[in-house]
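# Have a look at this fold, sequence not included:
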């Protein structure tokens, strides 16, 4: 994947649009209009702060389904993603937690999105939702069936999970791109807002340089104003959520000054 063609820059900062709880989830408050307003406002704030793309995610829907979400969730994510696409002039991605890539692809294709994130693309991981198995064989065929120009960014050792089977990291990374055909690779820390391990990040970079040098590497958690320059010394992109929220409160609205400070520190 050509990062500059997809994101308009060689070093994209992707800002998270964390959706509040959607209808059907335990904490939904009954106000669809406020969810849309929050999503659009956060997306516009991220764009005003200088991000290169935004990623819409049903973050408020915990506890998450391990794979297939209900059809009403797909509908809401699609409608909200379209509202974000219409509100900003940067690429928009979709992630449907915990691992419903078909839903994310469908929503992105319908809404005019540019990319999706998939937490478990190949292999399997032990998560708080139980064991989740990658379904790259379905995901990449579904993209073809939808005829969608949507890039697939796939995690290696996603946060809040432990890879199953004990295979070496280099083999898992190679499988994501060589056998799973992912367009980009994401490395995160152990949990939301936690930094990626520097040795792991360096090892993933080295493997990609060897087996798939055209495949971009994104850091998917824990990037801050203080660490973003160091992050871009190794990675091609960063997906940022917690650092854009006051006091690191993921449920809070995005703060433009925090966005601008991180983007400036990245040299954007």
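Cool, the structure landed. Note that this is a predicted model, so its numbers are computed, not measured.
# going forward, measure contacts and count neighbours with C-alpha atoms only.
OK.
# pLDDT-wise, which helix or strand of this protein ranks last?
Using mean pLDDT, DSSP states H and E, strand 161-163 stands out as the lowest-scoring helix or strand of the chain, at a mean of 82.
# Output the contacting helices and strands for that one.
Using 3 or more Cα pairs under 8 Å, 6 or more residues apart in numbering; DSSP states H and E as the contact definition, the elements that strand 161-163 packs against are strand 124-127.
# again, only using 10 Å
In terms of contacts (3 or more Cα pairs under 10 Å, 6 or more residues apart in numbering; DSSP states H and E), strand 161-163 is packed against strand 124-127, strand 130-133.
# partners of it in the sheet?
Taking DSSP bridges as the criterion, strand 161-163 sits next to strand 124-127 (antiparallel) in its sheet.
# distance between the partner strand and the chain's centre?
18 Å (Cα atoms, centre = their mean, to the nearest Å).
# picking that back up, what comes into contact with the least confident helix or strand of the chain?
119-120, 123-132, 156-157, 169, 172, 189-191 (Cα atoms under 10 Å, 6 or more residues apart in numbering).
# tell me the most buried of the helices and strands packed on strand 161-163?
Mean neighbours per residue, mean count of other Cα atoms under 10 Å, is largest over the helices and strands packed on strand 161-163 for strand 124-127, with a mean of 18.
# Would you mind pulling the contact partners of it?
Outside strand 124-127, the residues that reach it (Cα under 10 Å, 6+ apart) are 66, 98, 119, 131-135, 157-165.
# If any of these are buried, put those into a ChimeraX selection.
Buried members of these, defined by 16 or more other Cα atoms under 10 Å, are picked up in ChimeraX with:
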select :66,98,119,132,133,134,135,157,158,159,161,162,163
